[in-house]
Structure formats: structure tokens, C-alpha cells
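S.K.: sequence below, structure please.
(one chain, ligands or ions: 1)
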Amino acid sequence: MLSNHDASAQNRLDMTNARNATSIDVLNVKQFIYNGHEEWQRKERLVEIMSKDPVFDKSKREWMTRTEKYSRGLRMVNRIHELGQILGWSKQDTTVATSLLDDPLPVSLHATAFEPVFLLQASQELLDKYAGLIATRGIFGCYLQTELGHGSNVAALETTATYIPETKEFDIHSPTLTSSKWWIGALGKTATHGVVQAKLLLPGGEDMGPHLFLVQLRSTETHKMLPGIIAGDIGPKSFNGFAATDNGFARFTHVRIPKEQMLSRFAQVTDDGKYVQPPHAKISYGGMLYIRSGMVTTAGWVTAKAAVISIRYATVRRQGTKGADELEKQIISYPSLHTRLLPILARAYVFISLGRALSQSFQTMAQRLSSGDASLLAELHATTSGLKVLCTTASVQDMENARRSMGGHGYSAFSGVGRFYADLIPSVTYEGENFVLDQQAVRAALKAFHGLFGAEGRSRPSSSTIAKLTPSSYYLRHLSSPTNEPPILKGSDSSWNNVENLILLLEWRAALLVHEIAQTAQDPDATIYQRVSKGTTEAFVGRRIGEMIGGLRTNSGLNANDVAVLSRLYLLYLQTTVESALADLLSFGLLRIENPPRVGASRDPTRGLRMAIAQNCLSLAPEAIGLTDALGFSDWELDSALGVYDGNVYQALWDKAQTEPLNDKEVPDAYGESIKPMLSRGRMMAERQSGPKL
Ligand SMILES: Cc1cc2nc3c(=O)[nH]c(=O)nc-3n(C[C@H](O)[C@H](O)[C@H](O)COP(=O)(O)OP(=O)(O)OC[C@H]3O[C@@H](n4cnc5c(N)ncnc54)[C@H](O)[C@@H]3O)c2cc1C
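M.R.: This is a model prediction of the structure:
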């Protein structure tokens, strides 16, 4: 035991002890979470280079103005490309290096929105001309969809692209104030080009709805706006989030572009102005699905950072009751702390794996799409809609829970979690506002339901139709026969540790929710859309987790103990998901418990679940530091005084506070300007009232 005065040594000792207590093989789990030794090594190598380069220094950013943050952001990106050239980085190296920058930057819009949409939808001719330049950042792009007047309702966008057969050009025009493009990342000051969503008007005035067009915005020589276009930055954002990104506005006044600049891989306009239909109505959704699948991965990694910081802090922070060693307890030992933090860690692990699987599905779908095969589109659309909502909503909540778990210091900018929160919150709005996306998830679920049970929802499906159920609607099989029953749980806690039981409960709940909305579609209740979207997505995720646990056992390369620990972490995800679903499970009478608790002891039929969660958290608590270390973040990446690897949080917080510019002068300028006159006035007034002299 160390003296109470030597808090730094105690902090480090607590962290070392926690690290020693973990039973998992951290390096193995790390390689598992990074999808292999090579990817982990790549990241480690890049972090080593970047963390030592002054361009990527983070120590001053809390005090920068927006303009300084914007300039710093671009300086970093420029440096990445410069380093890439000097050190011969591969494309994947550059992608990973860019992903290590933890400020939302204008160039991420180039890589996540502009480039994939262009590559998926441009004609071969346009690809030949621009794909190389886009890949090397010879031009910078943005994606201009949202307008001042409309975002979610894409069909109502007002920007027009009128085809002029005489010159084989499109005339891009913003006819009203509300047609101004708004919110567009990288448009304000950075992008040279943009993919513009505009309604296509044929020579006869026929409105074909929104289509995509490549428009050059700025001169590639002077960076000045091209004639007919005005653009700028829309201003600061809530909580100072997205500060380094120039979300912008633009208006077009009859800007002419050659006909070839319509993104016409699928829908086309002939030279004489006839419209050629795309082979599939929703074929243009590809780019959007790419972005949404990436958002699941991003949500996972940001959640991971918040989990690492808050768990490390809770490991060294001591407060409250004294233990046998005469020291106050480590706050992680309080159940109210570890039952809050370990589920966040579980969600991080699950979302990272889900995101990876989703991105792989996207690649398969994109390959098929490039040859005109849209057969995988509907399924990926259904899963990405629901998962985007589920993961972004959960991550935003987790940021706040992690911050609160750290008490007052959690509110300091030096904790880092506030910054993640500020940058993450708009993710529930962009790429499909979550409440609007819920409706798409419901639409997909109802389509699957009616595909199985007919328009009236009462037909008996054939076994071949049931066999064709896709993963996103697999849960519907439970309704296929009236003799199917939800699981009967034993009264003991062990049934709540049974993965298959938990998955079946989530699937039954999803199936009954979809049945419910199908029956009551004409008269929906207040929250049915959100509950169906959440319920169906959680059933999908539940089944995937069952597969993940199976995969851990068969082909993860992990040892038996690591498999057991990770399985318990995934189980915790399922248990807490089922707990948050209890209102639905109880509403539908799905909790069928063989030996419910006896009156006198507990009358709560769900007590067993909550006891199982408590026990699982308790058993995972000693592994928490190992599991957070396995996420592989360096101190440079976390940039958090409370999440430092060695646990020396008070020293780190002290050192950070000394960098506050207000501390540069002992007497601030505000003293002469305001404090002194106020004090003098106060004293004069006190004297006048003949109070005692100070
Ligand atoms: C940080 C940030 C970056 C962005 N970057 C880009 C970009 O690069 N390019 C781009 O084009 N756009 C971008 N956007 C815009 C973003 O995509 C839109 O804000 C988003 O699609 C939501 O549209 P909206 O703002 O019009 O909200 P609205 O659609 O007006 O939504 C307002 C409210 O109405 C509800 N609502 C709307 N429609 C319905 C409905 N049919 N049924 C029920 N409720 C409904 C919503 O749930 C919401 O609560 C960005 C936005 C942000 C915040």
C-alpha cells in the first residue's frame, strides 16, 4: 500500500494491478479485433510515424478558432499524402492513416460520399476521365444533396438539371432560396468538384425526379468559384462539433455542363432528350449503402474509445467507502459503474465486427451491381437502414453515459469524450435521419411479412418460401406455424445465460412486432415504427452474435480462455439488449418462465435476467483493462487525460490545465477592463452605505 499523498504512484499501481489481473492474451485479441496480424501491424506502424510528426500534434486544438481547426485539418491531410509519397504507402496505408485523424475533416466526404457514389454510378467515359484524379486527390469532391428547404424528402429537391438537346448540355439551376444546397461537407471552401443531386427535366418539361451530375465548382488553378456558382460555409455547428469541416451552401445560376457529366451508368438521357430507365428502381442507392455501412464501423470505434477512457479512469479513480486496504474503493468496483461501462465495451466489440461484416457484404453487392445485378440491394438496404439507426443511436447514448460515469472530470474537454460526442451526434441525422430511416426498416419488414403471409397477412407460407427468408427477416419463420412457441425459460439465472434463448426472445419479439404493425397499419400507435425498426434490427444482430460466438470457437485463432471471455462479452450485449426489450417482451407475453420467483422473495419475473447481467458484469470486470487494451489505442489516438495508458490521470489532468492560455498571465486582461472597475464600484457603494471599509 502506498501513502495517500502519492496519488500518482497509486494510480499507476492500480492500473498495473488491473493489467496483471486480466487473463486474456491481449495481443491475440487485438489481432482478432483488427482482423489479423497484418492489419494490426499496419496500424501500429502508422501510429508510430504520425504520433511523432508535429503536424499531427493535438496539444493546441482545444484553443483553436474554427478557421485554425479547418486549416490544421487540411494541413494534416496534405501531410498524409506527402508522407504516403515519401514512404511509399499503399492505398490501404493512406486509408488507415486518414482514419487515425480524429477530427471530422472535409476530405472524408471525398472518400466516403463523393468517390463511392461517383465510382458506382458514373459512365465508363466519365470514369476514364476522372477516376484517376479522384483516387490521387487531383480533384476534391463533395456530395450535394440536401437543400435549405428539404433533406429527408429527396423527391422534393428543387435544384433543376434541364437537358438542352441543341448543345447536348444540362443547365443546373437553383430556382429558389430553398433550393440552395446546404450542409454539404467540404463545399464551403475545399471542394473543386461535386456530385449534385438535381431533378432531371427533359426538353418537353417532363420531371424525371432526382438524378446525379458531376459539376466543377472551383477553378483547379485559382480555387475561385466558377461563373454562375456562389458557395460558402454555413457557419459553426452545435457543441463546436465538426469544426474542421466546411459544411457549405451553394446556388447555381444556369450553369451549363456537358451531357456526359450526368452519372449515367444506369439511368441515361439520349442525345435527343429521351429518358432511358435504370434496370432497377433503387439501383442508385449503392453509394448511400456504402456510407451507412461505414457508419456502423465508425460508431463501433468511437464507442470503443469512450469505453477505453471511462474504464481506465474508473480503474484508477478512488472515491467513497474504504476497503480492507484502508483506501477508498476503485469506482469500477461499484456495480452501478461496471454495469454501466461493460455494456458499452460489449457494444464497441459487436459494432466493430458488424461493421466489418457489413462492409464485406457491401463489396459483394457492389461487384454484382457493376454488372447490373441488383439482387442483393434490397437486403443490404434493409440491414444498413436498421443498423445505421441502431448503432448511431446507441453510440450517442454511450458517449454521454461514459462521460457521466467519470463525474466532474468527465465534463472537462481533456477527458476527450465530449469531443467524440460533439462530432458523433449529427450521425443520427445525416445519411438518413434516424426516425425517417425507421420507416424504411419497417417498410422492408412489412414487405417480407406480406411476401410470406400474403397481402392479408393470413396465408400459410410454404416451406420453400420460409426457406427463402433472408437474414434480415429470418425471425418471421416463428410465425409460420400456429404450433410454434417462444422458449420456456427455467426460473434459474442459467436460462438468461443461454445465448440461443436470448436470440429466440429477440426474434419472437421482432416477429410479433411486425405482425402487430401489419394488423394495425391503418391506425398506428405512437411508437410502433421505432419499436419495429429496433426490434427487427436487434433480432438480426442477435442472430449475428450467435454466429460470432460460434465463429470464435471455430476459426478465430484465439485460445480457449479468450474465446470464453469474448463469448461472455457478446452474451452481455444480448442480455442488455433483451433487458431493454422487456417492455415489448412483457407486452406480448413472451416471458414464459417455468418457476417464476416465489412471492415473498421477489415478485419480479425479470429479476433472473438482471441478476444474470449483474453476475456477468462482475465476472467480466477483472478482464476490463485487458479488453480495453486489446482495442489497441495509443495515448496519441485517445488524446485523453483520463484515459492515459499508465493510469496517471491526475498528473495528466494537472499538466493539461497548465496549458490553458488563461493561465499565461497571472493577472488577466479582463482585470483592468472589467474586474477592477466592478470591484471599485462595489467598494464605493459599500462606503456610501457606510459599511465597513475593506
Ligand atoms: C454534420 C452534417 C453533415 C451533413 N453533410 C451532408 C453532405 O455532405 N451532403 C448532403 O447532401 N447533406 C448533408 N447533411 C444533411 C443531412 O443529410 C440532412 O440534414 C438529413 O438528411 C436530414 O434532413 P433534414 O435536415 O432536411 O431534416 P428534416 O427531414 O427536415 O427532419 C426534421 C424532422 O422531421 C422528421 N421528419 C422528416 N420527414 C419525415 C417523415 N416523412 N416522417 C416522419 N418524420 C419526418 C425527422 O425525423 C426530423 O425529426 C449533413 C447534415 C449534418 C448535420
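S.K.: which parts of the stretch 351-500 of the chain sit against the ligand?
M.R.: Contact residues, the stretch 351-500 of the chain versus the ligand (C-beta under 6 Å from any ligand atom): 426, 429-430, 433, 435-436. (C-beta placed from N, C-alpha, C; glycine too.)
S.K.: tabulate those residues (CSV), appending distance to Asp103.
M.R.: Shown next, in CSV, are those (distance: C-beta to C-beta, whole Å):
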residue, distance to Asp103
Pro426, 14
Thr429, 19
Tyr430, 16
Glu433, 24
Phe435, 28
Val436, 28
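S.K.: could you list which of those residues belong to helices?
M.R.: Those of those mapping onto helices are 435-436, per DSSP state H.
S.K.: for the ligand, what's its nearest residue on the stretch 51-200 of the chain.
M.R.: Nearest to the ligand, among the residues of the stretch 51-200 of the chain, is Gly151, at 2.1 Å (C-beta to the nearest ligand atom).
S.K.: can you flag the buried ones in the residues of the stretch 351-500 of the chain next to the ligand?
M.R.: Neighbour counting with 16 or more other C-beta atoms under 10 Å marks 426, 430 as buried within those.
S.K.: so what does the helix or strand harbouring Ile625 touch, helix or strand wise?
M.R.: In this structure, Ile625 sits in helix 624-629 according to DSSP states H and E. Using 3 or more C-beta pairs under 8 Å, 6 or more residues apart in numbering; DSSP states H and E as the contact test, the elements touching helix 624-629 are helix 7-21, helix 26-33, helix 286-316, helix 335-370.
S.K.: just name the most buried of those.
M.R.: Counting by mean count of other C-beta atoms under 10 Å, helix 286-316 has the highest mean neighbour count of those, with a mean of 25.
S.K.: any idea of the mean pLDDT for it?
M.R.: In this model, helix 286-316 has an average pLDDT of 94.
S.K.: for the helix or strand that comes right after it, buried residues please.
M.R.: For helix 286-316, the succeeding helix or strand toward the C-terminus, using DSSP H and E, is strand 318-322. Across strand 318-322, burial judged by 16+ other C-beta under 10 Å covers Arg318.
S.K.: what comes into contact with strand 318-322?
M.R.: Here strand 318-322 makes contact (C-beta atoms under 8 Å, 6 or more residues apart in numbering) with 10, 14, 327-331, 334, 407.
S.K.: what of stretch 11-27?
M.R.: Stretch 11-27 has contacts (C-beta under 8 Å, 6+ apart) with 2, 312, 315-316, 318, 330, 558-559, 561-562, 565, 622-627, 629-630, 645-651.
S.K.: re earlier: what does the helix holding Ile625 contact?
M.R.: The contact list for helix 624-629, computed with C-beta under 8 Å, 6+ apart, reads 15, 18-19, 21-24, 26, 29-30, 307-308, 311-312, 315, 332, 338, 341-342, 345, 349, 565, 569, 620, 645.
S.K.: near the ligand, which residues of the stretch 151-300 of the chain?
M.R.: Checking the stretch 151-300 of the chain against the ligand by C-beta under 6 Å from any ligand atom, the hits are 151-152, 183-185, 242, 247.
S.K.: try it again at 5 Å.
M.R.: Residues of the stretch 151-300 of the chain found near the ligand (C-beta under 5 Å from any ligand atom) are 151-152, 183-185, 242.
S.K.: distance of Arg607 from Val417?
M.R.: Using C-beta to C-beta, to the nearest Å, Arg607 is found at 32 Å from Val417.
S.K.: more neighbours, the two?
M.R.: Between Arg607 and Val417, Val417 has the larger neighbour count (other C-beta atoms under 10 Å), namely 30 against 16.
S.K.: list the contacts of the nearest residue to the more buried one once chain neighbours are set aside.
M.R.: Excluding the flanking residues, the one nearest Val417 by C-beta to C-beta, 6 or more residues apart in numbering is Arg403, at 4.5 Å. Listed by C-beta under 8 Å, 6+ apart, the contact set of Arg403 reads 306, 310, 410-411, 415, 417-418, 421.
S.K.: try Glu579
M.R.: By C-beta under 8 Å, 6+ apart, the residues touching Glu579 are 606, 609-610, 613.
S.K.: mind exporting the C-alpha coordinates of stretch 643-652 to PDB?
M.R.: The C-alpha coordinates for stretch 643-652 follow below in PDB (Å, rounded to 0.1, in the frame of the first residue of the first chain):
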ATOM      1  CA  GLY A 643      -7.700   7.600 -20.500                       C
ATOM      2  CA  VAL A 644      -3.800   7.500 -20.300                       C
ATOM      3  CA  TYR A 645      -2.300   4.000 -20.600                       C
ATOM      4  CA  ASP A 646      -0.300   4.200 -17.400                       C
ATOM      5  CA  GLY A 647      -3.300   5.400 -15.300                       C
ATOM      6  CA  ASN A 648      -1.500   8.500 -14.200                       C
ATOM      7  CA  VAL A 649      -4.600  10.600 -14.700                       C
ATOM      8  CA  TYR A 650      -4.200  13.300 -12.000                       C
ATOM      9  CA  GLN A 651      -0.800  14.300 -13.300                       C
ATOM     10  CA  ALA A 652      -2.100  14.300 -16.900                       C
END
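S.K.: ok now it, how far from the chain's centre?
M.R.: Put simply, stretch 643-652 sits 27 Å off its chain's centre (C-alpha atoms, centre = their mean, to the nearest Å).
S.K.: kindly report the same for stretch 11-22.
M.R.: Put simply, stretch 11-22 sits 31 Å off its chain's centre (C-alpha atoms, centre = their mean).
S.K.: if anything else comes up later, I'll come back, but that's it for now.
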